[in-house]
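In: Quick one, fold the following:
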Amino acid sequence: MILKEGTGVFKVRKPKKFNLSTRYYDADKERLDLRVNEIESKHGKEEGERAKREINFRAQTNLDWKKSQVQKARIRSNIRLLIILVVLAAVFVYLFTNVDAVSSLFQNNTGK
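Out: Below you'll find the predicted structure:
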């Protein structure tokens, strides 16, 4: 007795199909492609390529500007944090070196 695939004691299952749908949608790229196709249909391929380069240049310039703004904000934030830490360290060192004066000040105020 010859067992066919999928019958009998030893069933061989077919592998499940894998269907991955894309999750990322770039609206800017779609608008760019539509605009380039429109220009190419009216003025030719060279104008379409020129428009594509120009739009890409604008987008890249905006990205570079945003990155530099974020970097400047991080630097300002780090400087602010560093100043706060230095002030706290100075207060701590002052209190630690003058523990006797501070404790006597508290004793005088509570004793009155």
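In: how far away is residue 60 from residue 99?
Out: 59 Å (Cβ to Cβ, to the nearest Å). Using the backbone N, CA and C atoms, a C-beta is placed for each residue, glycine as well.
In: er, residue 93 actually
Out: Distance from residue 93 to residue 99, by Cβ to Cβ: 11 Å.
In: What of residue 49?
Out: Residue 49 is 75 Å from residue 99, by Cβ to Cβ.
In: Low-confidence ranges, the protein, go.
Out: Across the chain, the ranges flagged by pLDDT under 70 are 1-10, 110-112.
In: hmm, 90 instead?
Out: 1-70, 94-112 (pLDDT under 90).
In: For it, which segments are assigned as strands?
Out: Using DSSP state E, no strands are found in the chain.
In: Longest helix of it, counting residues only.
Out: Looking across the chain with DSSP state H, the single longest helix is helix 45-97.
In: Show me what that one packs onto, helices and strands only.
Out: helix 27-43 (3 or more Cβ pairs under 8 Å, 6 or more residues apart in numbering; DSSP states H and E).
In: so the helix it packs on versus helix 45-97, what angle?
Out: Relative orientation of helix 27-43 versus helix 45-97 (axes from the mean of the first three to the mean of the last three Cα atoms, to 10 degrees): 160 degrees.
In: List the buried residues in helix 27-43.
Out: Within helix 27-43, the residues scored as buried using 16 or more other Cβ atoms under 10 Å are 32, 36, 39-40.
In: Which of the residues you listed sits closest to residue 21?
Out: residue 32 (22.6 Å; Cβ to Cβ).
In: any idea how far residue 44 is from that closest one?
Out: Per Cβ to Cβ, residue 32 is found 18 Å from residue 44.
In: and what of residue 61?
Out: For residue 61, the distance to residue 44 (Cβ to Cβ) stands at 26 Å.
In: try residue 54
Out: 15 Å.
In: Then residue 63?
Out: Distance from residue 63 to residue 44, by Cβ to Cβ: 29 Å.
In: repeat for residue 86
Out: For residue 86 relative to residue 44 (Cβ to Cβ), the value is 63 Å.
In: go on, residue 93?
Out: Counting by Cβ to Cβ, the gap from residue 93 to residue 44 is 74 Å.
In: Fine by me, we can end here.
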